[in-house]
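A.B. asks: can't give you the sequence, but here's the structure:
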């Protein structure tokens with residue numbers, strides 16, 4: 001700014017400039033905002049790299065990648081639903097005990113006795129259905145736009161694993177209400193597992209490994225030869241601890257790969 005322009009400023013403008021200089025020209029401000037005002041592309045990229053939160057995103061995103069009709073925002077919606085499921089799931093754990101004589105009654109108490117319990121449970125239930133739908137739509141978008149191709153093929157595999165763990169979350173959650181629907185759904189699912197090759201006692205080639213009804217994959221899943229208390233406890237532990245932990249680690253890795261690979265090109 002030239003000396004002539006500085007002399008033409010009004011007293012109010014000079015006061016604002018002085019306040020701005022005091023706020024920005026000090027060690028505390030510079031320790032937080034290290035790059036200054038992001039007026040250039042390089043400074044904007046430096047802001048992305050130096051931010052604890054923003055560094056998980058690519059430093060440069062094409063305009064097409066922000067269009068709703070291209071991304072459908074299904075990845076973000078899926079992550080939001082996962083956070084909602086985590087929050088409501090933790091709250092539900094305060095009112096639920098995975099014991100065969102209490103589990104169903106706890107579900108009834110949530111509906112009729114606990115304040116807002118029916119809302120809490122339905123939020124968890126519908127968010128779970130929504131997450132399955134959102135993940136499948138996200139995978140469809142990635143597939144039909146060719147976003148799975150190099151250099152994102154490895155991240156595509158991680159996404160397929162996340163789809164698998166999402167389905168496992170839904171499957172293990174089916175048994176927890178301990179009602180007829182969950183009991184028979186898990187019975188059908190685990191019976192299908194018993195027909196797996198090599199590891200299922202009803203599957204082909206099971207005799208090669210000496211697999212029997214009391215040591216096959218179905219026995220490992222439900223903790224016995226029938227759906228009982230052991231199956232309920234195992235479904236609870238996998239649903240609340242094991243699978244969410246693995247899914248969280250995979251999601252962190254998935255986001256990091258998006259950060260490294262960037263968004264795919266337009267159609």
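C.D. replies: Sure thing, it's come through. Please read all numbers here as calculations on a predicted model, not as lab measurements.

A.B. asks: now do the helices in the protein.
C.D. replies: 3-7, 11-24, 27-32, 41-50, 68-71, 74-93, 103-112, 117-144, 153-175, 180-194, 217-222, 229-237, 243-261 (DSSP state H).

A.B. asks: pick the most deeply packed of those.
C.D. replies: Among the helices of the chain, the stretch with the highest mean neighbour count (mean count of other CB atoms under 10 Å) is helix 217-222, at a mean of 20. Placement of C-beta: from N, CA and C, glycine included.

A.B. asks: packing partners of that one?
C.D. replies: Judged by 3 or more CB pairs under 8 Å, 6 or more residues apart in numbering; DSSP states H and E, helix 217-222 is in contact with helix 180-194, helix 229-237.

A.B. asks: burial of the spatially closest residue to residue 43 that is not a sequence neighbour, as a residue count?
C.D. replies: Leaving aside its chain neighbours, residue 43 sits nearest to residue 35 (5.0 Å; criterion: CB to CB, 6 or more residues apart in numbering). The number of residues packed near residue 35 is 18, by other CB atoms under 10 Å.

A.B. asks: export the helices and strands packed on helix 217-222 to JSON lines and append columns for mean pLDDT and distance to residue 151.
C.D. replies: Listed next are those as JSON lines, based on pLDDT from 0 to 100; distance: least, CB to CB, whole Å:
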{"stretch": "helix 180-194", "mean pLDDT": "92", "distance to residue 151": "36"}
{"stretch": "helix 229-237", "mean pLDDT": "95", "distance to residue 151": "37"}
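
A.B. asks: tabulate those helices (CSV), appending distance to residue 10.
C.D. replies: As requested, the helices and strands packed on helix 217-222 are exported to CSV (distance: least, CB to CB, whole Å):
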stretch, distance to residue 10
helix 180-194, 73
helix 229-237, 69
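
A.B. asks: of those helices, give the one that comes closest to residue 82.
C.D. replies: Shortest distance between residue 82 and the helices and strands packed on helix 217-222, using CB to CB, is found for helix 229-237: 18.6 Å.

A.B. asks: before we move on, back to that, isn't the residue nearest to residue 43 right up against residue 45?
C.D. replies: No - here residue 35 does not reach residue 45: they are 9.2 Å apart, not a contact under CB atoms under 8 Å.

A.B. asks: what's the spacing between the nearest residue to residue 149 once chain neighbours are set aside and residue 61?
C.D. replies: Of all residues not flanking residue 149 in the chain, residue 264 sits nearest, at 7.9 Å (CB to CB, 6+ apart). Distance of residue 264 to residue 61, computed by CB to CB, to the nearest Å: 11 Å.

A.B. asks: any regions of the stretch 51-200 of the chain where pLDDT drops low?
C.D. replies: 56 (pLDDT under 70).

A.B. asks: and residue 264 and residue 61? which has more neighbours close in?
C.D. replies: residue 264 (19 against 12).

A.B. asks: surely that one and residue 151 touch.
C.D. replies: No - in this structure, residue 264 is not within contact of residue 151 by CB under 8 Å, at 9.9 Å.
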